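A.B. asks: The sequence isn't on hand, but the structure is:
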């Protein structure tokens, strides 16, 4: 699979994402449901701790992708929902650390929402991956 970044403006690059990517040569695609900061039983973790929730959400996303034979380096699109955009944005260095080690900056959308499906959760991430 070949990824070609499309960035007519560079303002999104320091935030860790491309405006778009052209994906060529992919033969498989995985569409992940929204991942959150829950344990193996579905119980919410890290109440009130945005950084902890983002880190566990990324762990859970990696686990789901691994089950499909993929990893964070295969993610081609992210949609992020948060109950507090101002609290989430300063923690996006976690995304840069996790995705940066694979040299990818998937296009993403960040959406502020009044609440998520499970009370206490503040961060949810949907991903599409291809290989």
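C.D. replies: Yep, it's here. Note that the coordinates shown come from a computational prediction; the quantities given were computed from them, not determined experimentally.

A.B. asks: what's the average pLDDT for stretch 65-72?
C.D. replies: Stretch 65-72 comes out with an average pLDDT of 97.

A.B. asks: try stretch 121-129
C.D. replies: 98.

A.B. asks: Next up, the contacts around residue 75.
C.D. replies: By Cβ atoms under 8 Å, 6 or more residues apart in numbering, the contact list for residue 75 reads 65, 99, 104, 106, 127-129. (C-beta placed from N, C-alpha, C; glycine too.)

A.B. asks: Can you give me the buried ones in the lengthiest helix in the chain?
C.D. replies: For the chain, the longest helix by residue count, based on DSSP state H, is helix 50-67. Under the neighbour-count criterion of 16 or more other Cβ atoms under 10 Å, helix 50-67 has 50, 52-58, 60-62, 64-65 buried.

A.B. asks: Tell me the helices and strands packed up against it.
C.D. replies: strand 29-35, helix 85-88, helix 93-100, strand 123-130 (3 or more Cβ pairs under 8 Å, 6 or more residues apart in numbering; DSSP states H and E).

A.B. asks: Mind checking the ones you listed for the one nearest to residue 20?
C.D. replies: strand 123-130 (13.3 Å; Cβ to Cβ).

A.B. asks: Let me know the angle separating the closest one from helix 93-100.
C.D. replies: Counting by axes from the mean of the first three to the mean of the last three Cα atoms, to 10 degrees, strand 123-130 lies at 10 degrees to helix 93-100.

A.B. asks: Just confirm residue 46 contacts residue 36, I think it does.
C.D. replies: No. Taking Cβ atoms under 8 Å as the definition, residue 46 is not a contact partner of residue 36, at 10.3 Å.

A.B. asks: more neighbours, those two?
C.D. replies: Neighbours were counted for residue 46 and for residue 36 using other Cβ atoms under 10 Å; residue 36 has more, 23 against 19.
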